[in-house]
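Engineer: Show me the folded form of this:
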Amino acid sequence: MSQMAVISNGGKQYIAKVGEFIYMDNLNLEEGSEVVFDSIFFVGENKDVSRGTSSVKVTGVVVKNGKQKKIRVFKYNPKKGYRKHIGHRQQYSKVEITNL
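Structural biologist: Predicted coordinates for the structure are as follows:
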């Protein structure tokens, strides 16, 4: 099993492994730019786990910025004539983890 880390960004936690892709909220960075994640909960491999490590930094590269599929929201109140139809597309950044 390869080495992994649990990182946090934007109030959400992600499992990061070298070579894998993570879809996270928009980072407002250009494609190809490097990202360093400082907030790391733990790093480990199998049963060797170290918690709250401040010396380890996880780095990644922004591969793509885009929008997810549209979510359709329909609100309706019976017998009142109220109907509302809206949509939402969440922006995301696709990040490839390069180093732990």
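Engineer: you'd agree Lys94 is up against Val63?
Structural biologist: Yes: using C-beta atoms under 8 Å, Lys94 and Val63 qualify as a contacting pair, with a distance of 4.7 Å. No exception for glycine: its C-beta is placed from N, CA and C like everyone else's.
Engineer: where do the contact lists of those two overlap?
Structural biologist: When contacts are counted by C-beta atoms under 8 Å, 6 or more residues apart in numbering, the set common to Lys94 and Val63 consists of Phe21.
Engineer: For these two, indicate the residue with more neighbours.
Structural biologist: Applying other C-beta atoms under 10 Å to Lys94 and Val63 shows that Lys94 carries more neighbours, namely 16 against 13.
Engineer: and the gap between that one and Gly87?
Structural biologist: Relative to Gly87, Lys94 is positioned 22 Å away (criterion: C-beta to C-beta, to the nearest Å).
Engineer: same question, Lys17
Structural biologist: The span separating Lys17 from Gly87 equals 34 Å under the rule C-beta to C-beta.
Engineer: And Lys57, by the same measure?
Structural biologist: According to C-beta to C-beta, Lys57 and Gly87 sit 38 Å apart.
Engineer: pull the helix or strand with minimum mean pLDDT from the protein.
Structural biologist: Comparing every helix and strand of the chain by mean pLDDT, DSSP states H and E singles out strand 48-51 as the least confident one, with a mean of 65.
Engineer: Give me the residues contacting stretch 58-68.
Structural biologist: When contacts are taken as C-beta under 8 Å, 6+ apart, the neighbours of stretch 58-68 outside the stretch itself are 5, 7, 16, 21-22, 26-27, 29-37, 40, 89-100.
Engineer: Among those, name the buried ones.
Structural biologist: With neighbours counted by 16 or more other C-beta atoms under 10 Å, the contacts of stretch 58-68 contain buried members at 5, 7, 16, 22, 27, 35, 37, 40, 92-95, 97, 100.
Engineer: if we can go back for a sec, give me the more crowded residue out of Lys57 and Gly87.
Structural biologist: Under the criterion of other C-beta under 10 Å, the comparison of Lys57 against Gly87 puts Lys57 first, with 14 against 9.
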